[in-house]
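Trainee: structure, please.
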Amino acid sequence: MKLKSLALALIATTSLGLASAAAWAADFNLTYSTTYTPTHPYGQADEEWIARIHEQTDGRVEITAFWGGSLINSREGIDELNAGVADMSYIAPIYASSGYDLNRLTPQFFYGYEDARDVLRVYMALWDEYPQFTEELEGAQVLGYNVGTPMHLMLREKPFTQVSDLQGLRIRSAVDYIGALTAAGAEGVTMPMTDTYPSLQRGVLDGVIAPYEALKSLSFAEVIKFYSELPHSRGAYPSRAMNAQAWSSLPEDIQQVFLDNIEWLTDRTYELAQGAEDDGKAHGESLGVTFNAVDPEVIAEYSAAFEPAARETAKQLDAAGLPGTEIHDKIRAALPN
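Mentor: Numbers count the residues shown, from 1 in each chain. Okay, the predicted model is just below:
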């Protein structure tokens, strides 16, 4: 642990030195790290947000961005942020392998949700109600939230219209979806998204669970024929934060500017991500991909297979002294009819 802390401190010292040289005119020079690039929708939102903070503080805050994991390269980012490697960072506790239990596991409870805006509405109400979400981040001040646009089912040979259509198929899937696929008689396969295209091309896979934008960004429209709108929610999570030391160094009026922009950053990130979804769908249509809606009763039947694993996760949270079952039941009760 001492070696890790020393390494993080050295990285932080070097990076902060570079940032301060670039941001000489401001009263408060802050660093921001993200694994995304400025061309990604999340990065585009970040660039606009950084400019807004600069403008709304009359130039008193200068934020130097480190893109593409050049400063903090882990997807979750929280440990490095709290260690001071950067003042601010894109964070994603849902990708952590352990810890941050409520933040990491709650997204599993949104199975069957079709609209990301409903997910965000319910999630934000829970965040306001349960302080444990904030407490898990060990003092980091959240500055924005993300909601994942739903993923659906892409298939090579025929569309999905009923649960029995999955029998015997091999589907590339996130770990969270494998239980439901297994219950339907399919085989869920975990592999990097970058390996999925050639596997679909060769027929090693029959399909993949992915968002519309992957039709374009990962070229899946070239190797699948059908896009069946069977929603797989990715939940919501805190996505940008500032470490406690940096936050406490800011005067209240500057803090308030950041707080006033939380809703804007959250909404703008969703808008840009949805724009990428629309572009992906249009690209798929241009290459002849067939899109089909799935009957609500079939969606409900398929989604029910997620419940056993979700309830088990809720019990694990309960055993850790967290309100797992209570939160699970509130999310299920809020599912739109």
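Trainee: low-confidence ranges in the stretch 1-150 of the chain?
Mentor: By pLDDT under 70, the low-scoring segments of the stretch 1-150 of the chain are 1-24.
Trainee: for the closest residue to residue 247 other than its chain neighbours, list the residues it contacts.
Mentor: Closest residue to residue 247 apart from its sequence neighbours, by CB to CB, 6 or more residues apart in numbering: residue 141 at 4.4 Å. Just so you know, the C-beta spots here come from the backbone N, C-alpha and C atoms, and that holds for glycine as well. Shown in contact with residue 141 (CB atoms under 8 Å, 6 or more residues apart in numbering): 241-244, 247, 258.
Trainee: so which of those are in helices?
Mentor: Among those, the subset assigned to helices under DSSP state H consists of 244, 247, 258.
Trainee: redo those residues as TSV? Include neighbour count and pLDDT.
Mentor: Listed next are these as TSV, based on neighbours: other CB atoms under 10 Å; pLDDT from 0 to 100:
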residue	neighbour count	pLDDT
244	16	97
247	18	98
258	24	98
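Trainee: nearest to residue 118 among the residues you listed?
Mentor: residue 258 (26.8 Å; CB to CB).
Trainee: mind checking how far that closest one is from residue 246?
Mentor: Counting by CB to CB, to the nearest Å, the gap between residue 258 and residue 246 amounts to 11 Å.
Trainee: so how far is the helix or strand where residue 280 lies off the chain centroid?
Mentor: Applying DSSP states H and E as the criterion places residue 280 in helix 262-286. Its chain's average C-alpha position is 13 Å from that of helix 262-286, according to CA atoms, centre = their mean, to the nearest Å.
Trainee: other SSEs contacting that helix?
Mentor: With contacts taken as 3 or more CB pairs under 8 Å, 6 or more residues apart in numbering; DSSP states H and E, helix 262-286 sits against helix 41-56, helix 116-129, strand 141-147, helix 214-217, strand 290-293.
Trainee: list the buried residues of the second one.
Mentor: Looking back up the chat, that one is helix 116-129. 116, 118-120, 122-123, 126-127 (16 or more other CB atoms under 10 Å).
Trainee: pull the residues that contact it.
Mentor: Contact with helix 116-129 is made by 106, 110, 113, 133-134, 145, 147-150, 233, 235-236, 238, 266, 270, 274, 327, 330-331, 334-336, as judged by CB under 8 Å, 6+ apart.
Trainee: dump the helices and strands packed on helix 262-286 to JSON lines, plus distance to residue 278.
Mentor: Output for the helices and strands packed on helix 262-286, formatted as JSON lines (distance: least, CB to CB, whole Å):
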{"stretch": "helix 41-56", "distance to residue 278": "11"}
{"stretch": "helix 116-129", "distance to residue 278": "13"}
{"stretch": "strand 141-147", "distance to residue 278": "16"}
{"stretch": "helix 214-217", "distance to residue 278": "10"}
{"stretch": "strand 290-293", "distance to residue 278": "13"}
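Trainee: thanks again, I'm all set now.
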